[in-house]
Structures are given as C-alpha cells and as structure tokens.
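*Asks:* only geometry, no sequence info:
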C-alpha cells in the first residue's frame with residue numbers, strides 16, 4: 001500500500017465555514033456584516049487565535065484597537081462564535097470509508113481553542129480519526145514547515161506514503177516540500193473523487 005495515511009485540514013474540508021452567515025444571525029445589515037468580518041476573521045490578528053500564545057481577550061482587544069468604532073459589535077459577536085464553522089454530514093462517512101481501506105486518518109489544522117470550544121458540535125468527527133494536531137496546541141501554524149515536521153515525528157510518518165487535503169494552496173505547497181502528495185479541496189465531491197482515485201492507484 002503506497003498511501004497509508006490520509007491527512008486532513010479541518011476548516012473548509014471537514015467543517016463548513018459559516019463566516020458571513022455567523023454575523024447575519026445577529027441581524028446586522030450586509031454592509032455591517034462585511035465590516036465585522038474584516039475586523040475579526042479577516043483581521044491579521046485572527047491568526048493569533050490559531051497560534052494560541054495570546055488569550056482570547058487579548059486578541060479581541062486587538063480587533064477593537066484596529067476598529068474602535070465597532071467595539072460594541074465586535075465584543076458582542078466574539079463572546080460566543082458558534083456558527084463560524086458548522087458540521088458537515090459528509091465528514092464521518094468519508095473518514096469511515098478511508099479507515100475501512102486500512103489507512104490511518106489524521107488532521108493538521110490551523111485551529112483555535114475558541115473555535116473548537118464554541119463549535120464542539122461541528123467537531124463530532126474527531127473520535128473517528130487516529131489523531132492529529134491543532135495549531136493552538138503547538139503554537140505554530142501552516143504553512144510553517146515546523147508544524148508539518150511535528151506531525152511527521154509524532155506519528156512516525158513516511159511522507160512519501162501520505163496525502164494531505166487542504167483548501168489553501170500555500171499549505172499544500174509546504175506539504176509537497178516534505179514529499180507529501182496533496183489534493184486541493186474545492187468542494188467535497190471533487191475532493192472525495194480525487195482522493196478515491198489516488199487511493200485506488202496505490
């Protein structure tokens with residue numbers, strides 16, 4: 001068996017990205033939703049949540065410092081971010097299918113403890129997996145090579161026998177430097193089809 005390990009990103013792959021819909025649930029106008037999206041999830045400081053060296057409060061304070069006129073809205077929205085990601089019905093059957101072929105299934109994801117904590121229902125696939133890494137637990141994010149190396153070392157992976165699925169090309173390019181095969185996820189049907197073809201070949 002050439003491919004013995006399938007590695008998944010989580011956001012945009014095993015969970016859906018709610019983003020704009022998350023802000024719409026507060027009843028804000030489309031324009032306000034876009035402003036709040038830019039002030040939080042698209043703010044460069046969002047990655048600090050994924051890295052996990054700053055507290056949630058410290059990162060939210062940075063959002064407010066960048067857009068002080070939206071302080072009230074930012075703090076209200078960020079109190080609980082349930083809905084920023086959402087459960088996908090396809091994830092558990094997909095993982096089961098891969099495991100039934102005798103392969104190991106891991107995750108490697110830029111993910112914050114706040115997103116995980118506030119969206120626990122979206123993470124119901126985790127018990128079906130064989131392990132993996134969340135960036136907030138290791139204080140490093142993709143595409144930093146160190147993150148991939150930690151995964152390789154922890155699970156004693158042979159990169160040439162792994163395939164990594166992610167929705168972002170920069171993260172896939174970093175994986176390929178280790179000799180890991182990659183599939184860019186545009187939607188579930190495409191990714192599942194591409195993965196199935198690759199695994200059948202190996």
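*Replies:* Done, it's in. Remember, predicted model here, so these are calculated numbers, not experimental data.

*Asks:* okay, now the domains of this protein?
*Replies:* 5-16+87-201, 19-78 (automatic domain parsing).

*Asks:* Return the most buried member of those domains.
*Replies:* Each of those was scored by mean neighbour count; the highest is domain 5-16+87-201, a mean of 18, by mean count of other CB atoms under 10 Å. Heads up, the C-betas are built off the backbone N, CA and C, glycines and all.

*Asks:* Work out the gap between that domain and the centre of the chain.
*Replies:* Centroid separation for domain 5-16+87-201 versus its chain: 8 Å, with CA atoms, centre = their mean, to the nearest Å.

*Asks:* Pull up the distance across that domain, start to finish.
*Replies:* Domain 5-16+87-201 has an end-to-end distance of 14 Å (CA to CA, to the nearest Å).

*Asks:* Also stretch 15-23?
*Replies:* Per CA to CA, stretch 15-23 runs 18 Å from first to last residue.

*Asks:* And stretch 104-114, by the same measure?
*Replies:* 27 Å.

*Asks:* Let me see the mean pLDDT of it.
*Replies:* Across stretch 104-114, pLDDT averages out at 98.

*Asks:* who touches the closest residue to residue 137 other than its chain neighbours in this structure?
*Replies:* Leaving aside its chain neighbours, residue 137 sits nearest to residue 52 (6.9 Å; criterion: CB to CB, 6 or more residues apart in numbering). Applying CB atoms under 8 Å, 6 or more residues apart in numbering, one finds that residue 52 lies in contact with 112-113, 135-139.

*Asks:* at 7 Å instead, please
*Replies:* 112-113, 135-137, 139 (CB atoms under 7 Å, 6 or more residues apart in numbering).

*Asks:* of those residues, closest to residue 160?
*Replies:* For the contacts of residue 52, the residue nearest residue 160 by CB to CB is residue 135; the value is 24.4 Å.

*Asks:* Residue 150 and residue 83: what is the separation?
*Replies:* 30 Å (CB to CB, to the nearest Å).

*Asks:* what helix or strand does residue 106 sit in?
*Replies:* Assessed by DSSP states H and E, residue 106 sits inside strand 104-109.

*Asks:* which residues are contacting the helix or strand just after that strand?
*Replies:* Of the helices and strands lying after strand 104-109 in sequence (DSSP H and E), the nearest is helix 113-118. Applying CB under 7 Å, 6+ apart, the external contacts of helix 113-118 come out as 49, 52, 56, 80-82, 84-85, 123, 134, 136.

*Asks:* In space, what's closest to residue 128 - neighbours in sequence excluded?
*Replies:* Going by CB to CB, 6+ apart, residue 128 has residue 95 as its nearest residue, at 4.7 Å.

*Asks:* For the residue of the chain most remote from its centre, give its distance to residue 39.
*Replies:* Relative to the mean C-alpha coordinate of the chain, counting by CA atoms, centre = their mean, the farthest residue is residue 69 (29.9 Å). Look at residue 69 and residue 39: by CB to CB, they are 10 Å apart.
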